[in-house]
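# whatever this is, show me its structure:
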Amino acid sequence: MSEPTTFYDHWWILHRQRGAIATITASAMVTSILLSLLLPNVYEARTLFFVPAPTGVFTHMEGEASRDVARSLVIPDLRGERQKVLLALIGSDRVREAVHQRFPEKSVQRLRLDVDLSSGTDFLLKVYARDRNPERAAEIANAYVEEFRRLINEYSAQQTAERRRSLEAQLAATHEKLRAVREELASEQREKQMPFLSQEIDNLTERHGELEQQREEVRVDAQAAARKVEVLREQLKRESAAFAKTPVIDLSPAAEELQRQLSQLEGEIAAARAQYKEAYPQLPSMLARKQHTEEALAREIGRLMQSQAKDSGSFSETLRRDLVAETVRSETLKAREEGLAAELERLVARLEEVRTTQVDQRGRELEEKQHEAVIDRLRLAVAEATAHEARRPESVVVVDPAIPPEDATFPNPWLNGLVALALGLVAGVFYAYAVDYARRVRRELGDLGDVPEAST
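Model prediction:
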């Protein structure tokens, strides 16, 4: 079987079947034209829009954010990955179901087939909707944009509402904290007389200085008295040593007994005064007994001194009396110094307590001011969130809204005719080569004697 090898061979094959090729091509064109005329028209509407790129934070309140309210250039977001997310949102089942609710005659599956979404290098989003009714095709395309706008506004409103509720909860909690702080501050002011704290601190500070000065003066006087006592003791010691060379008066047993009784009475009287504070009923009789014993002792000593020939030493007695007086004065000054020291300790403790109370009061007042400042900020934030929640932002900008098309997109007779022409030519060429191949096969079989050669 000889294969066509030259251009002439191929041309001859097509030339010989030119009638069949023309018939197939004409049939395809006529069929396409008839189908185009018989099929219902389908109209395609397109809407063109974009989502503005994020700008500065918008606020309804006065302040530094006022510059964000100024008119600014609105352009599409130039990030390609964000365009993919937006296309996914537009083509979501939620948007498609919402459009179906508006157009029940269009099923969800039909909307999936009849609506196309795209985004080109111009970063504009396009929605193509096809339908046999041109008005409905435009309405469906515009409905996709409206439902998409409603969807993203709903997401934004939910986020704003959640933030507003959170701010309101924080505001209520801060109000409760402020109320508690004010109650504690008022209670402390009533109990500790807070309005007079500053005056009390001034008085305590002044009193502290006075007591310190008095304590220092008493301390100096006590030291001087102590030194004088030491001097008198030394003089009395020397005088007693000189007097010891003369015969010493020996007390009689009666005098010793009187001294014992007198010492015992002094102890009982001191104990009674310490215990009963001058209200002991037997104290007057005890004082009378003491005075009687002292007089008896004095008479006994006088009798013994008169019985002696020697002088009892009047200078020694004078020193003794001076020593007793200075000792009493020294002990009095020490007691006064100790009393001033104790009073100073109590005053310092009170001053520290008052200052601590004042610091606590100032801390409470500072905490109160902080809570008030937080409440002001939260109120502003709640008002801002409420305003944003009520606001309907322009989240979608429609560049070209869909309008009902005048001409049908499908079917297109001219396009269908050209396609049919191309397909008819291809089919005719294929038919011509198929017939030539069959002819050559029969010829070869006829040469072998199996099948008689077919006449051409």
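# phi, psi of residue 400?
phi -130, psi 100 (degrees, to the nearest 10).
# so what sits opposite it in the bridge?
residue 48 (DSSP bridges).
# show me the strands in the protein, by range?
43-50, 115-119, 125-131, 397-400 (DSSP state E).
# for the third one, packing partners?
The criterion is 3 or more Cβ pairs under 8 Å, 6 or more residues apart in numbering; DSSP states H and E, and the helices and strands that strand 125-131 contacts are strand 43-50, helix 80-90, helix 108-114, strand 115-119, helix 134-192. Heads up, the C-betas are built off the backbone N, CA and C, glycines and all.
# same thing with the longest one?
In this structure, strand 43-50 packs against strand 125-131, helix 134-192, strand 397-400, with contacts taken as 3+ Cβ pairs under 8 Å, 6+ apart.
# so which of those gets nearest residue 425?
strand 125-131 (30.1 Å; Cβ to Cβ).
# kindly export that closest one (C-alpha atoms) in PDB.
What follows is strand 125-131, C-alpha atoms only, in PDB (Å, rounded to 0.1, in the frame of the first residue of the first chain):
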ATOM      1  CA  LEU A 125     -12.800  42.400  41.700                       C
ATOM      2  CA  LYS A 126     -15.300  41.300  39.000                       C
ATOM      3  CA  VAL A 127     -18.500  39.400  39.300                       C
ATOM      4  CA  TYR A 128     -20.000  37.900  36.100                       C
ATOM      5  CA  ALA A 129     -23.600  36.700  36.300                       C
ATOM      6  CA  ARG A 130     -25.400  34.900  33.500                       C
ATOM      7  CA  ASP A 131     -29.200  34.400  33.100                       C
END
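# adjacent strands (with direction) for that strand?
strand 43-50 (antiparallel), strand 115-119 (antiparallel).
# just so I know, which of these lies nearest residue 348?
Comparing the strands paired with strand 125-131 under Cβ to Cβ, the one sitting nearest is strand 43-50, at 77.1 Å.
# what mean pLDDT does that closest one have?
Per-residue pLDDT over strand 43-50 has a mean of 93.
# which outside residues touch that strand?
75-77, 123-134, 137-138, 140-142, 144-145, 396-405, 407-410 (Cβ atoms under 8 Å, 6 or more residues apart in numbering).
# residue contacts, the residue nearest the centre of the chain?
For the chain, residue 170 is the residue whose C-alpha lies nearest the centre (Cα atoms, centre = their mean; 9.6 Å). If you count contacts by Cβ under 8 Å, 6+ apart, residue 170 has them with residue 378.
# roughly how far is stretch 14-21 from the heart of the chain?
88 Å (Cα atoms, centre = their mean, to the nearest Å).
# ditto for stretch 183-191
The mean C-alpha position of stretch 183-191 is separated from the chain mean by 29 Å, Cα atoms, centre = their mean.
# tell me the average confidence for it?
Mean predicted lDDT for stretch 183-191 stands at 77.
# how about it: buried residues?
Across stretch 183-191, burial judged by 16 or more other Cβ atoms under 10 Å covers residue 185.
# the chain: helices as residue ranges?
Applying DSSP state H to the chain gives helices spanning 7-16, 18-38, 80-90, 93-102, 108-114, 134-192, 197-243, 253-276, 283-307, 314-390, 413-447.
# format the ones you listed as a markdown table; extra columns: distance to residue 52.
Shown next, in a markdown table, are those (distance: least, Cβ to Cβ, whole Å):
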| stretch | distance to residue 52 |
| --- | --- |
| helix 7-16 | 61 |
| helix 18-38 | 43 |
| helix 80-90 | 11 |
| helix 93-102 | 19 |
| helix 108-114 | 27 |
| helix 134-192 | 11 |
| helix 197-243 | 60 |
| helix 253-276 | 97 |
| helix 283-307 | 105 |
| helix 314-390 | 16 |
| helix 413-447 | 38 |
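# going by mean pLDDT, which of those helices comes out lowest?
helix 253-276 (a mean of 56).
# that older thread, buried deepest among the helices and strands packed on strand 43-50, which one?
strand 125-131 (a mean of 22; mean count of other Cβ atoms under 10 Å).
# name the surrounding residues that touch it.
Applying Cβ under 8 Å, 6+ apart, the contact partners of strand 125-131 are 42-51, 83, 86-87, 90, 106, 114-120, 137-138, 140-141, 144-145, 402, 409-410.
# mind redoing it with 7 Å?
Contacts to strand 125-131, defined as Cβ atoms under 7 Å, 6 or more residues apart in numbering, come from residues 42-50, 86-87, 90, 114-119, 137, 140-141, 144-145, 402, 409.
# and for stretch 94-102?
Outside stretch 94-102, the residues that reach it (Cβ under 7 Å, 6+ apart) are 106-108, 111-112, 140, 143-144, 147-148, 151.
# can you show me the CA trace of that stretch as PDB?
Presented in PDB, the C-alpha positions along stretch 94-102 are these (Å, rounded to 0.1, in the frame of the first residue of the first chain):
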ATOM      1  CA  ARG A  94     -23.100  32.000  52.900                       C
ATOM      2  CA  VAL A  95     -23.100  34.700  50.200                       C
ATOM      3  CA  ARG A  96     -24.400  32.200  47.600                       C
ATOM      4  CA  GLU A  97     -27.200  31.100  50.000                       C
ATOM      5  CA  ALA A  98     -28.100  34.800  50.700                       C
ATOM      6  CA  VAL A  99     -28.400  35.500  47.000                       C
ATOM      7  CA  HIS A 100     -30.500  32.300  46.600                       C
ATOM      8  CA  GLN A 101     -32.900  33.700  49.200                       C
ATOM      9  CA  ARG A 102     -33.300  36.800  47.200                       C
END
